[in-house]
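*Asks:* what follows is a predicted structure for the sequence shown.
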Amino acid sequence: MEKKLILRGLLAGAAGGLLAFLFARIFAEPQIGRAIDYESGRDAAQAALDKAAGLPPEAAGPDLFSRTIQADVGIGVGTIVFGMAMGALFAVAYAVCLGRVGGLRARGLALTVAAGGFLGVYLVPFLKYPANPPAIGHEETIKARSGLYLVMVVCSVAFLAGACWLGRRLQARFGNGNAVLLAGAAFAVAIGAVMLILPSLGHLGYNRQHFGDHATETPLPLRGPDGTVVYPGFPADVLYSFRLYSVAAQLLLWSAIGLVFAPLAERLLHPRPGAATSREPAPVPV
């Protein structure tokens, strides 16, 4: 049974990943292109400042893949593979919750687990470390940023599972509504404490040493030796649009996983009465 559920989760994840890719290709990809154009212009301005100061120019590394390959094949394959991975994890969580969450039927449980996946795996970590387009982030902090984001994801998923367990424990004493509120409050306090403990990306040691004390790694205006602005900071509308479309793409992914998986699980767990008999071979006439 578990293998059949995971197979259906992979199928639902592939469908969700495809839908998320199509959405991102239409809406988010233009914002990525604008971010890359900004990065190229800023690099050119920085090179001009370095040349005026007598500094040797930095050699730019070659692009392994063209923008067309990155925008179509790269993002498409990555999003679908990510969707399949999330679909498999979703199916495992669904199998664990099956029969342990009250009277939810197969369809209702699928939508509930999908909502929990979107909340725990993406939305809550996003609130602390939101998605950024190219040109935001320094190469020297990639490992630190990846580690911090992973800590947020692990804590979010673990605390969400703990909140579900706590809600079940409190249900008999306080009732369904109060148990949900208490478990939700406990989750908010726990994850809020983690957010306060973890540093902002701008407060990482490398960033403080080289760029000063700022909240994020979003590029500020580039200034010349006399303090005049020679290139503007990263455009706020591009950053806002990219993050908005990132959330929308993930919401589409998890919604598709839940909606596609729900009828598949319903048919597997609650087959129609005539389905089994229809597969039996017809009797041989005498």
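*Replies:* Yep, that arrived.
*Asks:* low-confidence ranges, the protein, go.
*Replies:* Within the chain, the segments meeting pLDDT under 70 span 59-68, 71, 101-103, 274-286.
*Asks:* tell me the domain ranges of it?
*Replies:* What automatic domain parsing lists as the domains of the chain is 1-58+69-136+236-271, 137-217.
*Asks:* got the end-to-end distance for the first one?
*Replies:* Put plainly, it is domain 1-58+69-136+236-271. Terminal residues of domain 1-58+69-136+236-271 are spaced 13 Å apart (Cα to Cα, to the nearest Å).
*Asks:* tally of neighbours for the residue nearest to residue 19 when sequence neighbours are not counted?
*Replies:* Spatially, and ignoring its direct neighbours in sequence, residue 19 is nearest to residue 256 (5.1 Å; Cβ to Cβ, 6 or more residues apart in numbering). Yep, even glycine has a C-beta here, placed from its N, CA and C like the rest. Applying other Cβ atoms under 10 Å, we find 22 residues neighbouring residue 256.
*Asks:* same question for the one 5 residues further on.
*Replies:* Per other Cβ under 10 Å, the neighbour tally for residue 261 reads 30.
*Asks:* who's in contact with the residue nearest to residue 19?
*Replies:* 12, 15-16, 19-20 (Cβ atoms under 8 Å, 6 or more residues apart in numbering).
*Asks:* same check on residue 82?
*Replies:* Going by Cβ under 8 Å, 6+ apart, residue 82 touches residue 17.
*Asks:* gap between it and residue 230?
*Replies:* From residue 82 across to residue 230, the span is 39 Å (Cβ to Cβ, to the nearest Å).
*Asks:* re earlier: dump the domains of the chain to CSV, plus distance to residue 225.
*Replies:* Shown next, in CSV, are those (distance: least, Cβ to Cβ, whole Å):
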stretch, distance to residue 225
domain 1-58+69-136+236-271, 7
domain 137-217, 17
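*Asks:* residue 224: which of those is closest?
*Replies:* Minimum separation from residue 224 across the domains of the chain (Cβ to Cβ) falls at domain 1-58+69-136+236-271, 6.2 Å.
*Asks:* ranking the contacts of residue 256 by neighbours, who comes first?
*Replies:* residue 16 (31 neighbours).
*Asks:* alpha carbons of the host helix or strand of that one, as CSV, please.
*Replies:* Using DSSP states H and E, residue 16 sits within helix 2-23. Coordinates of each C-alpha in helix 2-23 appear next as CSV, following Å, rounded to 0.1, in the frame of the first residue of the first chain:
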residue,chain,number,x,y,z
GLU,A,2,2.8,2.5,0.9
LYS,A,3,4.6,1.9,-2.4
LYS,A,4,1.3,2.5,-4.3
LEU,A,5,0.8,5.8,-2.4
ILE,A,6,4.4,6.9,-3.1
LEU,A,7,4.0,6.2,-6.8
ARG,A,8,0.8,8.3,-6.8
GLY,A,9,2.7,11.0,-4.9
LEU,A,10,5.4,11.0,-7.6
LEU,A,11,2.8,11.4,-10.3
ALA,A,12,1.0,14.2,-8.4
GLY,A,13,4.4,15.9,-7.8
ALA,A,14,5.3,15.7,-11.5
ALA,A,15,2.0,17.3,-12.4
GLY,A,16,2.4,20.0,-9.8
GLY,A,17,6.0,20.7,-10.9
LEU,A,18,4.9,21.0,-14.5
LEU,A,19,2.2,23.5,-13.6
ALA,A,20,4.6,25.5,-11.4
PHE,A,21,7.2,25.6,-14.2
LEU,A,22,4.7,27.0,-16.7
PHE,A,23,3.6,29.6,-14.2
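*Asks:* show residues contacting whichever helix or strand comes after it.
*Replies:* Note on helix 2-23: by DSSP H and E, the next helix or strand toward the C-terminus is helix 29-52. Contacts to helix 29-52, defined as Cβ under 8 Å, 6+ apart, come from residues 56-58, 60, 67, 71, 75, 133-136, 219, 222, 224-225, 230-231, 234-235, 238, 241-242, 245.
*Asks:* how about stretch 214-233?
*Replies:* Here stretch 214-233 makes contact (Cβ under 8 Å, 6+ apart) with 41-42, 45-46, 48-49, 53, 132, 135-138, 141, 200-203, 207, 211, 234, 239.
*Asks:* and residue 190, what is it in contact with?
*Replies:* 155, 159, 162.
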